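[1] here is a sequence with its predicted model. Questions after.
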Amino acid sequence: MDINNFVIAECMIRQLHARYADAVWRKDLDAFADCFTQDSEWRIAGHVVTGREAIRGFMGQVFPGFRRILLTMRTPSLEVDGKTASARTYFTENSVKADGTPLFAIGSYYERFVDEGDRWRFSWRVFRTEYAGPPDQTGPFFDNPDYGPPPAMPPYDTVPEDFSGNLTDLQS
Amino acid sequence: MHEFVAAECGIRQLHARYVDAIWRKDAAAVGNCFAEDGEWRVGGAVMRGREQVVAAMGNVFPRFTRILMTFRTPIVELGEGGTASARTYVTENSVYADGKPFAPIGIYFERFVCEAGVWRFKWRLFQTNYAGPPDLSGSFFEVPDYGAPPALPPLDEITIDRSGSGPKVPAQ
């Protein structure tokens, strides 16, 4: 492993996660879509959304359901191969729905990335909900497959379940 | 060393030193996070210079039992000649001196300078986006959207005391 390249990639992928969280907080669809490659694939809550424009459209349906969404991404467990990489990243979500109901979620992202020169972007990602409910964690925890320790990844055709039911009715 | 990676690491280290100083209520250590002429806009107050920062924090700390700040990854933009700027999402798990919990969400917009290998705050503005208890049942505030990073507020952007616990700046 070239440690210099690894450290640079890890930094840039954390920067990508930070820009992603900023775009979600501000509900900025252009900035959100710019986190994905043109032909990216996003597998989330029973949906397979393919291509940057479709991803933008999908998120455009999500944002109105929330007053605010604060995503906190943990350190990605990373595997780097030149200009591509994959990672497993745990995250929490502190959100308030449009009706004022607070929602706390714990999740994990399995992601593949590409260095497109100006910045790293998501080329493929699976969103898994591990918990969704009140902030005091009295809600349900969900059973997801255990792929073993990193760098193991889910198969490319994985379709994660919509355990929370929050995104089931959206059009992908 | 990759210049961006070194700066991003140095700025995360600065945030960590700042968080430690706040937790320990060490006003001198907070002051040491700032350039000699650093400017801090927070909670309706504008502090100019390290001495004013130290004096103001000496007034803030007695109002809290503890303040735990959590900084996310700063979205960094390198500047000229050992300078940088960033946008960083911050949450706070605090308890007032009277035992009341306080868990705001906010964004720090910051400018930094690297002095003899140590990064310090040159200018920073904190915007409170939420103030209230940890269950998010408190108030969310309308704040200006400056667009995607690296956009920053103007240097004279106003600061508002949303919680009533902002610093009182001693007259010089």
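    Yep, it's here. Numbering: from 1, shown residues only, chains lettered A, B, ... in the order given.
[2] the helices in chain A, which residues?
    A:3-26, A:29-33, A:52-62 (DSSP state H).
[3] turn the ones you listed into CSV, columns for distance to chain B and mean pLDDT.
    For glycine as for every other residue, the C-beta is placed from the backbone atoms N, C-alpha and C. As requested, the helices of chain A are exported to CSV (distance: least, C-beta to the nearest C-beta, whole Å; pLDDT from 0 to 100):
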stretch, distance to chain B, mean pLDDT
helix A:3-26, 4, 97
helix A:29-33, 4, 98
helix A:52-62, 14, 97
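[4] now render these as TSV, adding mean neighbour count.
    Converted to TSV, those look like this (neighbours: other C-beta atoms under 10 Å in any protein chain shown):
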stretch	mean neighbour count
helix A:3-26	20
helix A:29-33	17
helix A:52-62	17
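[5] so for A:Arg121, which of these sits nearest?
    Nearest to A:Arg121, of all these, is helix A:3-26, at 6.8 Å by C-beta to C-beta.
[6] number of residues surrounding residue 81?
    No chain specified, so I'll use chain A. Residue neighbour count, defined by other C-beta atoms under 10 Å in any protein chain shown, stands at 11 for A:Asp81.
[7] I was after chain B.
    Using other C-beta under 10 Å, B:Gly81 has 6 neighbouring residues.
[8] list phi and psi for it.
    Dihedral pair for B:Gly81: phi 50, psi 50, per degrees, to the nearest 10.
[9] which bits of chain B sit near chain A?
    B:2, B:4-5, B:8-9, B:70, B:72-76, B:87, B:89, B:91, B:105, B:129-130, B:134-137, B:140, B:145, B:147-149 (C-beta under 8 Å from any C-beta of the partner chain).
[10] strands of chain A, start to end?
    Ranges of strands in chain A, per DSSP state E, are A:36-44, A:47-50, A:66-73, A:77-81, A:84-97, A:102-115, A:120-133.
[11] wait, I meant chain B
    Under DSSP E, chain B gives strands at B:34-42, B:45-48, B:64-71, B:75-78, B:83-96, B:101-102, B:105-115, B:118-131, B:139-140.
[12] put together CSV for these, with mean neighbour count on each row.
    Compiled in CSV, those are given as follows (neighbours: other C-beta under 10 Å):
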stretch, mean neighbour count
strand B:34-42, 20
strand B:45-48, 18
strand B:64-71, 15
strand B:75-78, 20
strand B:83-96, 20
strand B:101-102, 16
strand B:105-115, 20
strand B:118-131, 21
strand B:139-140, 14
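[13] could I get those strands as a markdown table with mean pLDDT?
    Converted to a markdown table, those look like this (pLDDT from 0 to 100):
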| stretch | mean pLDDT |
| --- | --- |
| strand B:34-42 | 98 |
| strand B:45-48 | 96 |
| strand B:64-71 | 97 |
| strand B:75-78 | 98 |
| strand B:83-96 | 97 |
| strand B:101-102 | 92 |
| strand B:105-115 | 98 |
| strand B:118-131 | 97 |
| strand B:139-140 | 92 |
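[14] burial of A:Phe36, as a residue count?
    Counted with other C-beta under 10 Å, the neighbours of A:Phe36 add up to 25.
[15] and the pLDDT for B:Gln172?
    For B:Gln172, the pLDDT comes out at 57.
[16] roughly how far apart are A:Phe66 and B:Tyr96?
    For A:Phe66, the distance to B:Tyr96 (C-beta to C-beta, to the nearest Å) stands at 29 Å.
[17] and what of A:Val126?
    With distances taken as C-beta to C-beta, A:Val126 is found 42 Å from B:Tyr96.
[18] where's B:Glu3 relative to chain A, distance?
    Distance, B:Glu3 to chain A, by C-beta to the nearest C-beta, to the nearest Å: 11 Å.
[19] can you name the residues that contact that residue?
    Residues near B:Glu3 by C-beta atoms under 8 Å, 6 or more residues apart in numbering or on different chains: B:Leu78.
[20] from B:Glu77, how far out is B:Gly138?
    On the measure of C-beta to C-beta, B:Gly138 and B:Glu77 end up 32 Å apart.
[21] and for A:Asn94?
    Counting by C-beta to C-beta - A:Asn94 and B:Glu77 are separated by 26 Å.
[22] who in chain A is up against chain B?
    Contact residues (C-beta under 8 Å from any C-beta) of chain A with chain B: A:4, A:7-8, A:11, A:14-15, A:17-19, A:21-23, A:25-26, A:28, A:30-31, A:34, A:67-68, A:70, A:72-73, A:94-96, A:102, A:134-136.
[23] go again using 6 Å as the cut-off
    A:8, A:11, A:14, A:18-19, A:26, A:31, A:70, A:96, A:102, A:135 (C-beta under 6 Å from any C-beta of the partner chain).
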